[in-house]
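Trainee: Whatever this is, show me its structure:
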Amino acid sequence: MYSRSPALVRVCRPGQASAAQTRANAALAAHDLADARDAPEPVDFAASDRTALAIAREGTVLLRNQGLLPLPADTRSLVVIGAQADRGVPSGGGSSQVIPRGGIAAKEQIGENRAMLFDPGSPLEAIRRQFPRARVDFDDGSVPARAAEAAAKADVVILFVDQWMTESADARSLQLPRGQDSLVKAVTRANPRTVVVLETGGPVLMPWLDQTAAVLEAWYPGQKGGEAIAAILSGAANPSGRLPVTFPTSEDQLPHPKIQGDPNGAPSGPLGRGGRYDAMFSATYNEGAAVGYKWFFERGEQPLFPFGFGLSYTSFALSDLAVHVSGHTVTVSATVRNSGQRAGTAIPQFYLTGPEGANILLRLVGWDRVDLNPGEQRQVAVSIDPRLLATFDEGARRWRIQPGAYELAAGFDSQRRELTAGFELQPASLPP
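Mentor: Numbers count the residues shown, from 1 in each chain. Sure, this is the predicted structure:
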């Protein structure tokens, strides 16, 4: 056969080739592909950085803001604390992890065989660039009492905390690891004007939430994450991220508060390539499709932050909800208005409730993203995938729409559903 790189297609010599390889060599030669060289295109690193910055800005979610953010340009003193914020931002582990241009910024050992890697792009330096007139100090947060002392001397505290996650290993709990909850409590006691920046792979518990002035969920923000965080803190960017998951108040609200099976997680390596399970176990997921926001809704549970939630530095309003039905095609529309004082991005969301027997208690069926200037309004329209109106019939291998009265709600998260409109559907059967 042959191997191919961006620069070269190599054909095996006849003496080394099997019959199949010989035929492949002949085909390559017939099409002038043998030893063909591809001219590599230059990598546009500037465009890559712009894309990474836009993604990080748009994905960051403002969870809490007691009037502290955005920070004024004349802020005199800031202290940045914790989570290697002087060096970079954390990266999740597993097959999606890549080594960034120039190599990693830092490495923090997690247990015996794993390490949290940090992408370059120091949030500390990015914050200093955003606030050139401020004194910006740093404390690594390893000693809570020392960090609290530094916090007490500053006008504002930017406190970074992290949680490392990877495929093949369950998070043992939703608590921040390595005693970081104690760090947050010590710092917020010393200075309530504290912004907590979460760099996590998923929801975490926040027993200190009421003591903070603001909370920003930055996830694992990537190669321009530091710049994105600094831009949101300063108001150079208006946060527009929305939660793709529900943040619970406690683990007791979850379908499976305790990890099922082997607490040590996945096998010690890929099965079939030397990996093995130390013990086999069964896991039962009897909640079916009632997961995430559906689980909370069906049980009347109040989450810490609902699915779809996210704050902005402006405000939005919805009006004129309408539903148009043509057969089993449903289109929903609404008017979105920026009722605040600065430009921002609204994310109107549409949720469906079905009649008895449809097994649709609450289901996200569409959303839109709208950039609006102050006072500007715009109509958004979403055509709903008919399968989102249906339930799958395992026996018939078909989607079935139940007849009856349905309701569509429009809002800005799974709990803040402000407008409703009813409509009727006739029975229908759809292919998978």
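
Trainee: In contact with the closest residue to Ser315 other than its chain neighbours, which residues?
Mentor: With sequence-adjacent residues excluded and distances taken as CB to CB, 6 or more residues apart in numbering, Ser315 is closest to Gly340, at 4.2 Å. (Each C-beta comes from the backbone N, C-alpha and C, glycine too.) Residues in contact with Gly340, defined by CB atoms under 8 Å, 6 or more residues apart in numbering, are 312-316, 374.

Trainee: now Val196
Mentor: If you count contacts by CB under 8 Å, 6+ apart, Val196 has them with 159, 161, 184, 208, 212, 214-216.

Trainee: how close does the residue nearest to Ser315 sit to Ser312?
Mentor: From Gly340 across to Ser312, the span is 8 Å (CB to CB, to the nearest Å).

Trainee: Check Thr75 too.
Mentor: For Thr75 relative to Ser312 (CB to CB), the value is 21 Å.

Trainee: my guess is Ala126 is in a helix, correct?
Mentor: Yes - note on Ala126: a helix contains this position according to DSSP: H, G, I helix; E, B strand; the rest coil.

Trainee: quick one: it and Leu233 touch, right?
Mentor: No - the criterion here is CB atoms under 8 Å, and Ala126 misses it with Leu233 at 9.2 Å.

Trainee: quick one: low-confidence ranges for this protein?
Mentor: The chain contains residues with pLDDT under 70 at 1-20, 33-39, 261-281.

Trainee: what's the domain layout of it?
Mentor: 1-41, 45-234, 316-430 (automatic domain parsing).

Trainee: Dump the ones you listed to TSV, plus distance to Trp295.
Mentor: Output for the domains of the chain, formatted as TSV (distance: least, CB to CB, whole Å):
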stretch	distance to Trp295
domain 1-41	47
domain 45-234	13
domain 316-430	10
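
Trainee: among those domains, which is the most enclosed?
Mentor: domain 45-234 (a mean of 19; mean count of other CB atoms under 10 Å).

Trainee: Quick check: closest non-adjacent residue to Pro303.
Mentor: Nearest to Pro303 is Thr246, by CB to CB, 6+ apart, at 4.9 Å.

Trainee: residue contacts, the one you found?
Mentor: Counting by CB under 8 Å, 6+ apart, Thr246 has contacts 203, 292-293, 295-296, 303, 305-307, 414.

Trainee: Dump those into JSON lines; add secondary structure and distance to Pro431 as well.
Mentor: JSON lines is the format used below for the contacts of Thr246 (DSSP: H, G, I helix; E, B strand; the rest coil; distance: CB to CB, whole Å):
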{"residue": "Pro203", "secondary structure": "coil", "distance to Pro431": "36"}
{"residue": "Gly292", "secondary structure": "coil", "distance to Pro431": "27"}
{"residue": "Tyr293", "secondary structure": "helix", "distance to Pro431": "28"}
{"residue": "Trp295", "secondary structure": "helix", "distance to Pro431": "29"}
{"residue": "Phe296", "secondary structure": "helix", "distance to Pro431": "32"}
{"residue": "Pro303", "secondary structure": "coil", "distance to Pro431": "36"}
{"residue": "Phe305", "secondary structure": "strand", "distance to Pro431": "38"}
{"residue": "Pro306", "secondary structure": "coil", "distance to Pro431": "34"}
{"residue": "Phe307", "secondary structure": "coil", "distance to Pro431": "29"}
{"residue": "Ser414", "secondary structure": "coil", "distance to Pro431": "29"}
